[in-house]
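> build me a model:
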Amino acid sequence: MARLTKNQKAALSKIEANKSYSLQDASSLVKELTLTKFDSSVDIDVRLGVDPRKANQMVRGIATLPHGTGKTVRVLVLCTPDKEQEAKDAGADFVGLDDYIAKIEGGWTDVDIIITMPSVMAKVGRLGRILGPRNLMPNPKSGTVTQDVGKAVTEVKGGKIDFKVDKTGIIHASIGKASFSADKIYENALEVLQTISKLKPSAAKGTYFKSIHISSTMSPGITIETKSVAGI
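Numbering: from 1, shown residues only. Presented below is the predicted three-dimensional model:
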């Protein structure tokens, strides 16, 4: 077993063993546990009582964080020429079509989100083997295949995130930065949890929220008492 660093020991000493915290208390505590020199991401991990191997128990959704993610999101819009100005005005970092498709085919994927239009999906579709493994492939369910490209860019830049349960039944999502106030972390976390609650599949039986943990980069996870979360 790897030896704990001085900072890791200091962080662990602030968490009571086997204790579950309210979401509000955990949102404050995660700031105290963050000892990195950079502005750490704050993440939430939610274990659900679903079987993701079954199509009728897949949980996937979109949440708009009220206080954003704190990250700079690089957006590429693949669109027809008549939509280029709309995408640029909304704040897209890269806008085009055939030139960017060629660039991606050459190995370039230096973006965080790709937004496109239904009419050009035939061209974009052939990039699936490159974009799919990097979770960059546009998808109508996540709102990244749309005629309203300007609105989609504004939402993504403003804190819209998409998430889906992984094969082990866990949803991982970034909900802000350690520099956020505790209230902002709490409100962002609550938005994600309430959104996940609304997406409960009818085929899922038993306890839906198995466990919830909040952590920041390189910090130990804090166990959340699920009953303390309003609206789930």
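> name the nearest residue to the residue nearest the centre of the chain, sequence neighbours excluded.
What sits nearest the mean C-alpha location of the chain, by CA atoms, centre = their mean, is residue 173, with 3.8 Å. Nearest non-adjacent residue to residue 173, counting by CB to CB, 6 or more residues apart in numbering: residue 163, 4.7 Å away. Placement of C-beta: from N, CA and C, glycine included.
> ok, that neighbour - contacts?
Contacts of residue 163 were listed using CB atoms under 8 Å, 6 or more residues apart in numbering, and they are 60-63, 171-173, 192, 196.
> pull the helix or strand hosting the residue nearest to the centre of the chain out as CSV, backbone CA atoms only.
In the assignment (DSSP states H and E), residue 173 maps to strand 170-177. Extracted as CSV, the C-alpha positions of strand 170-177 are listed here (Å, rounded to 0.1, in the frame of the first residue of the first chain):
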residue,chain,number,x,y,z
ILE,A,170,-21.8,5.1,-11.4
ILE,A,171,-22.3,8.6,-12.7
HIS,A,172,-19.2,10.9,-12.5
ALA,A,173,-19.7,14.7,-13.0
SER,A,174,-17.6,17.8,-12.4
ILE,A,175,-19.6,20.3,-10.4
GLY,A,176,-17.3,23.3,-10.0
LYS,A,177,-13.9,24.4,-8.6
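> contacts for that strand?
For strand 170-177, with CB under 8 Å, 6+ apart as the criterion, the contacting residues are 39-48, 59, 63, 65, 67-71, 161, 163-166, 184-185, 188-189, 192, 196, 214.
> would you agree residue 185 falls within a strand?
No - Residue 185 is assigned helix when assessed by DSSP: H, G, I helix; E, B strand; the rest coil, not a strand.
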